[in-house]
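Asker: Turn this into a model:
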Amino acid sequence: MDIKQIQELIKFVSRSGVNEVAIEQENFKITIKTNQAPTYVQATVPAQIAPAVASTAAAPQPVAPTETKSAPVEDTSRYITIKSPMIGTFYRSASPDKPSFANVGDEITAGKVICIIEAMKLFNEIESEVSGKIVKVLVDNASPVEYDQPLFLVEPV
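Answerer: You can find the predicted model right below:
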C-alpha cells in the first residue's frame, strides 16, 4: 500500500463508523483505530479465496412461517412467590448427599429453611416468610440467582 491508499483507507474508516480496522499482507500490516464506540466485525477469509466466496454466495431464501402451538398459560395469580433476598448461588439442600429443604408438595411454615444461597463463600439459610404448600420450584439446584428473582411458588393455606 502506498500513502495515498492509506489516506483513503483512513477516510473510509472514519466515515464508516468502524472503531478499528487491521489489514495484514505478506510484508505489510496496518491497524487503524478511531475514538468512536466499538463495532465488532471479524473477517477470516484469506484474500485469495474472498472473490470466489463472494461470487458463490446466494441470497437468503425466505423462510415460510411455521405454526407454533403455545402451551396453556398457568394461572399463578393465586400463588405467593418467594423471591431471592440476595445475589448468589441457589442450593436446595445443605450438601449433595442431604435431602432438599423443600420439595413440590411439601407443607412449609413461616420460619422454615427452604434453601441456601451462597454469596461470597457464605452459606445463607433462606427462611420462608409465608405458610403454605410448595407448588413449583422455579430455579435449578446450584444455579446463580439475582436479587428479587422468583425461587418458589407457594399456595397459601
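
Asker: Any idea which helix or strand in this protein has the lowest mean pLDDT?
Answerer: Counting by mean pLDDT, DSSP states H and E, the chain has its least confident helix or strand at helix 50-56, which shows a mean of 48.

Asker: my guess is Leu151 contacts Phe90, does it?
Answerer: Yes: between Leu151 and Phe90 there is a contact under CB atoms under 8 Å: 6.8 Å. To be clear about C-beta, it is placed using only N, CA and C from the backbone, and glycine gets the same treatment.

Asker: so who does Glu24 touch?
Answerer: Ile30 (CB atoms under 8 Å, 6 or more residues apart in numbering).

Asker: quick one: pLDDT of it?
Answerer: Reported pLDDT at Glu24 in the predicted model: 79.

Asker: secondary structure class for it?
Answerer: strand (DSSP: H, G, I helix; E, B strand; the rest coil).

Asker: partner residues bridging it?
Answerer: Lys29 (DSSP bridges).

Asker: Mind exporting the C-alpha coordinates of the longest helix that the chain contains to CSV?
Answerer: Criterion DSSP state H: the longest helix present in the chain is helix 3-16. Provided in CSV are the C-alpha atoms of helix 3-16 (Å, rounded to 0.1, in the frame of the first residue of the first chain):
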residue,chain,number,x,y,z
ILE,A,3,0.5,6.7,1.3
LYS,A,4,-2.5,7.7,-0.9
GLN,A,5,-4.2,4.3,-0.4
ILE,A,6,-3.6,4.5,3.4
GLN,A,7,-5.1,8.1,3.5
GLU,A,8,-8.1,6.9,1.5
LEU,A,9,-8.5,3.9,3.9
ILE,A,10,-8.3,6.2,6.9
LYS,A,11,-11.1,8.4,5.4
PHE,A,12,-13.2,5.4,4.7
VAL,A,13,-12.8,4.0,8.2
SER,A,14,-13.7,7.4,9.8
ARG,A,15,-16.9,7.7,7.6
SER,A,16,-18.0,4.1,8.0
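
Asker: Mind listing what's buried along it?
Answerer: Val13 (16 or more other CB atoms under 10 Å).

Asker: Which other helices and strands does it contact?
Answerer: Secondary-structure packing of helix 3-16 (3 or more CB pairs under 8 Å, 6 or more residues apart in numbering; DSSP states H and E): strand 20-25, strand 28-33.
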